[in-house]
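Asks: everything below, folded, please.
(chains A and B)
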Amino acid sequence: QKEVEQNSGPLSVPEGAIASLNCTYSDRGSQSFFWYRQYSGKSPELIMSIYSNGDKEDGRFTAQLNKASQYVSLLIRDSQPSDSATYLCAVDPGYSSASKIIFGSGTRLSIRP
Amino acid sequence: DAGVIQSPRHEVTEMGQEVTLRCKPISGHNSLFWYRQTMMRGLELLIYFNNNVPIDDSGMPEDRFSAKMPNASFSTLKIQPSEPRDSAVYFCASSDNRGGVYEQYFGPGTRLTVT
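Replies: Numbers count the residues shown, from 1 in each chain, chains lettered A, B, ... in the order given. Predicted coordinates:
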């Protein structure tokens, strides 16, 4: 089992709708969770961090964490064509006090006009 | 404030040649990471440093790869000799983990093509 799993997509969502991206992780000791956005040909860009169970909102983005079920999700409200990108979920491995994080393989999101 | 700086942005070289990629982390960050990204394998962690000390190099594919961090503001990733299968985008990222927060910030990457 991969440590961080994401559906590779592509996920196609109409403009203005809510895009929902999901991620599951294997280590119950994980404490830090991140969402990165990567446009084609660009580097990953950190858009959300979440450390506690529940929801965290930042503008049109909401991260949701459920440690009991070992999943983290990202909701994008009022989706725009500029949101079309690959979204990478990342999790600290939990078993180490070191600072590395484990990335999922990413979900490609396409917002159709 | 400047982000992570990488050079060169593009590198084209012939098989067998030595390649050196360079990275300057964000000032004040104490952890530095080297990643490789390909379509087939996604984003792979090659090696990372804490306070200039290599902590985990288990992702380095083979002895042809080496990395150094001589000081807090500079790191290199060297491939010698290079092979066509090394063609990929190489990212450097840095973080400040002293508060137990592991947010990493990526540089623009170096696109390496080995012919």
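Asks: leaving out chain neighbours, which residue sits closest to whichever residue of chain A sits closest to chain B?
Replies: Chain B sits closest to residue A:99 of chain A, with a gap of 3.7 Å, by C-beta to the nearest C-beta. Just so you know, the C-beta spots here come from the backbone N, C-alpha and C atoms, and that holds for glycine as well. Spatially, and ignoring its direct neighbours in sequence, residue A:99 is nearest to residue B:97 (3.7 Å; C-beta to C-beta, 6 or more residues apart in numbering or on different chains).
Asks: got a list of what that neighbour touches?
Replies: By C-beta atoms under 8 Å, 6 or more residues apart in numbering or on different chains, the contact set of residue B:97 is A:99, B:30, B:31, B:50.
Asks: which one of those residues has the most neighbours?
Replies: In terms of neighbour count, residue A:99 stands highest of those at 24 neighbours, by other C-beta atoms under 10 Å in any protein chain shown.
Asks: follow-up on the earlier one: which SS state does the residue nearest to residue A:99 fall under?
Replies: At residue B:97 the chain is in coil, as set by DSSP: H, G, I helix; E, B strand; the rest coil.
Asks: how about the residues of chain B that lie near chain A?
Replies: B:31, B:33, B:42-43, B:45, B:48, B:50, B:55-56, B:91, B:95, B:97, B:101-109 (C-beta under 8 Å from any C-beta of the partner chain).
Asks: tell me the SS of residue B:93?
Replies: Under three-state DSSP, residue B:93 comes out as strand.
Asks: many thanks, have a good one.
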